[in-house]
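dropping a prediction and its sequence here:
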Amino acid sequence: MIKIFIFALTNFMMKKILLTFSFSLVQILAYGQKTIDFEFSYPENSNFVIEQSTNTSGTMKITGSPQEIASLKKAGYNQIRKLKYVVDYSSVYKTGKKLTDSFPFEFYYSNVSYDIDSDGKKQKREGGFPNAIIKGNYIDGKPVVVQNSDVQAANDLPKYFLYNFPKITNMKVGDSFTTDRSMESKNGGASVSGILKYTLTKIEDNSALFSIAITQNSNKSSEINLKGSGTGEMVYNLKDKYIELEKMTINMTSSVAGTVKMNVDNTIISTYKLILK
C-alpha cells in the first residue's frame, strides 16, 4: 500500500514538474526572444565614407532587317554583343546633431570611375570633385539640398538618400519589411517597379543581419519590357542605426521592340559600404 502511494505521489510530482517546465519554456520562447528596432539613418556628429559599386555584365542580341544588320556591322558592332559596365564612386560625409525636425549634413564625391567594355570597345575614366561640397538637411524626414556646389555634375544626391525605408519596432528573427525601388527614366522610356523584401535572419552583439529578395517588373507604360529577380544581404548597425553593408545580385532580362529589336540578359552586382572615419 505504501509503495502504491509513493508511486502515485512520485508520478504526480513528475507531471507537475514537466508541466512547470513546459510552461516556462513557452514563456522563454514567447517573451525571451531578442528584438530590434529598425530605423534607417546615418551616424550623427560623424565623419564617414560611403563606397558604392555596380558591376553589370551580359549580352545583347540585336535583330532587324538585313539592311539594318549590315549598317550595324559597318559601324563595328556585332549582332550579339558582350557588355560589361563597372561604375564605382566614393563620397565623403560630415553630419551634425540629429534633432526632431533637422539633421544637417554635407558631402562631396571624392572619386568617381567607370570602366565600360561594349563588345571590345572600351572606355575608362576616373576622377573626383573634392572641392564640390554639397550641403543639405533632413526636413520632415526628407533630404533637401540647401546649398549646391559650383560643379553641376556633382550636385546629385546619392540614391540612398532617397530610399524610403520604414521605421519598425520590436522586430524578431523571421520578421520582414519591404521597400519600393521603382525606377523611371528621365526621358520616360523605361518605367520599372521594384520591390525589395528584407528579412531579419540573425541578431549579434551590435549588428542585425538581413537577407534580401528582389523582384523587378516593367510597368505597362514602359517602352522597355523588363523582368528581374535576385538576392542579397544587409548588415545593420544597432547602436547608431545605419546600414554598414549591403550586397545584391540581380539577374535581369529586357527587350525593346521596334524596327531594330534588342534582347538583353544582364547580371548586376551592387555593393554599398559605410565606413566611419
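Nice, I can see it.

got the contact list for the helix or strand containing Ile269?
Here Ile269, judged by DSSP states H and E, is contained in strand 261-276. Contact partners of strand 261-276, identified using C-beta atoms under 8 Å, 6 or more residues apart in numbering, comprise 42-43, 46-64, 83, 160, 230, 242-256. Just so you know, the C-beta spots here come from the backbone N, C-alpha and C atoms, and that holds for glycine as well.

show me the contacts for the residue nearest in space to the middle of the chain.
With distances taken as C-alpha atoms, centre = their mean, Glu246 lies nearest the centre of the chain, 5.8 Å away. Applying C-beta under 8 Å, 6+ apart, we find Glu246 in contact with Ile212, Gly232, Glu233, Met234, Val235, Ser270, Thr271, Tyr272, Lys273.

before we move on, what about Gly58?
By C-beta under 8 Å, 6+ apart, the contact list for Gly58 reads Lys82, Leu83, Met252, Val264, Asp265, Asn266, Thr267.

tell me the bridge partners for Asp180.
On the basis of DSSP bridges, Asp180 is bridged to Ile195.

tell me, how many residues neighbour it?
10 (other C-beta atoms under 10 Å).

mind listing the strands for the stretch 151-277 of the chain?
168-171, 176-180, 183-184, 191-203, 207-218, 224-237, 242-256, 261-276 (DSSP state E, counting those that start in this stretch).

now swap in the stretch 1-150 of the chain and tell me
For the stretch 1-150 of the chain, the strands defined by DSSP E, counting those that start in this stretch occupy 36-38, 47-63, 80-95, 104-118, 121-127, 134-139, 142-147.

how about CSV for those, with mean pLDDT and distance to Lys220 added?
Formatted as CSV, those follow (pLDDT from 0 to 100; distance: least, C-beta to C-beta, whole Å):
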stretch, mean pLDDT, distance to Lys220
strand 36-38, 96, 33
strand 47-63, 94, 24
strand 80-95, 93, 27
strand 104-118, 93, 30
strand 121-127, 92, 34
strand 134-139, 89, 34
strand 142-147, 86, 29
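
could I get the ones you listed as TSV with distance to Thr179?
Converted to TSV, these look like this (distance: least, C-beta to C-beta, whole Å):
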stretch	distance to Thr179
strand 36-38	11
strand 47-63	17
strand 80-95	21
strand 104-118	21
strand 121-127	31
strand 134-139	18
strand 142-147	15
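
and those: which comes nearest Lys73?
When those are compared by C-beta to C-beta, strand 47-63 sits nearest Lys73, at 10.2 Å.

list the buried residues of that closest one.
Phe48, Val49, Ile50, Glu51, Gln52, Ser53, Thr54, Asn55, Thr56, Gly58, Met60, Ile62 (16 or more other C-beta atoms under 10 Å).

could you tell me how many residues sit around Lys121?
With other C-beta under 10 Å as criterion, Lys121 counts 10.

actually, Asp205.
By other C-beta under 10 Å, 6 other residues sit near Asp205.

ok, now Glu223?
Neighbour tally, Glu223, other C-beta under 10 Å: 14.

cool, and the one 4 residues further on?
If you count neighbours by other C-beta under 10 Å, Lys227 ends up with 14.

look up how far Val173 lies from it.
31 Å (C-beta to C-beta, to the nearest Å).

coming back round to it: out of the contacts of Glu246, which end up buried?
Among those, those buried by neighbour count (16+ other C-beta under 10 Å) are Ile212, Gly232, Met234, Val235, Ser270, Tyr272, Lys273.
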